[in-house]
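Asker: Requesting a structural model of the entry that follows:
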Amino acid sequence: MNPNPAGRHAHALRPPHLTQHRHKPDVPHAHNYAHTLQVNTRLAAYNRMKESVTELANGYTARRTLYEKLRAKIEEVVQMKFASFMRRRDHHGHLVIDHTHGTLQLQVKPRAETNANARAMKDLGSLSGAWLGAGIEWGGHR
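Answerer: Residues are numbered from 1 along each chain as shown. Model (predicted):
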């Protein structure tokens, strides 16, 4: 004997909220899941790469800034040393460094031009080389 008086149709006796067919939450189809996983993996790799590039760019900027400060300080020291060297010989000298064009100019005024009582220099090569007063190139630039 069937203990359930309603028989096989026992769900007909249940309240409506219990008689609705309950589905498990939608599980993505295998191909959608694989695609989502692939997209998420690539997105994570992209974000890691983007972070690395940002760190490299920030590092480059910091190194470039330090390089420019160092270069400016070296240029300042070299200009002071050159001017001091020229003063010791009773000349007026100035160094012009053009990093953009890669040139170095040494500007020298001999004694006669800086001091009316001093005797004039006949040979500028005696200042410390015949190249003084001319532009010098480095790094293949002009």
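
Asker: where along this protein do the helices fall?
Answerer: Ranges of helices within the chain are 16-19, 30-88, 111-114, based on DSSP state H.

Asker: now for the longest one, which elements pack on it?
Answerer: Counting contacts by 3 or more Cβ pairs under 8 Å, 6 or more residues apart in numbering; DSSP states H and E, helix 30-88 packs against strand 92-98. To be clear about C-beta, it is placed using only N, CA and C from the backbone, and glycine gets the same treatment.

Asker: Now do the strand it packs on, average pLDDT.
Answerer: When pLDDT is averaged over strand 92-98, the result is 89.

Asker: between that strand and helix 30-88, what angle do the directions make?
Answerer: With axes from the mean of the first three to the mean of the last three Cα atoms, to 10 degrees applied, the angle from strand 92-98 to helix 30-88 works out at 170 degrees.

Asker: for strand 92-98, which positions count as buried?
Answerer: For strand 92-98, burial by neighbour count (16 or more other Cβ atoms under 10 Å) applies to His92, Gly93, Leu95, Ile97.

Asker: CA atoms only: put stretch 68-78 into CSV for me.
Answerer: Extracted C-alpha coordinates of stretch 68-78, given in CSV (Å, rounded to 0.1, in the frame of the first residue of the first chain):
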residue,chain,number,x,y,z
GLU,A,68,71.4,65.6,-15.5
LYS,A,69,72.2,66.9,-12.0
LEU,A,70,75.5,65.2,-12.0
ARG,A,71,76.4,66.4,-15.5
ALA,A,72,75.5,70.0,-14.5
LYS,A,73,77.6,69.7,-11.3
ILE,A,74,80.6,68.4,-13.3
GLU,A,75,80.2,71.2,-15.9
GLU,A,76,80.2,73.8,-13.1
VAL,A,77,83.4,72.3,-11.5
VAL,A,78,85.2,72.1,-14.8
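
Asker: Good, we can wrap up now.
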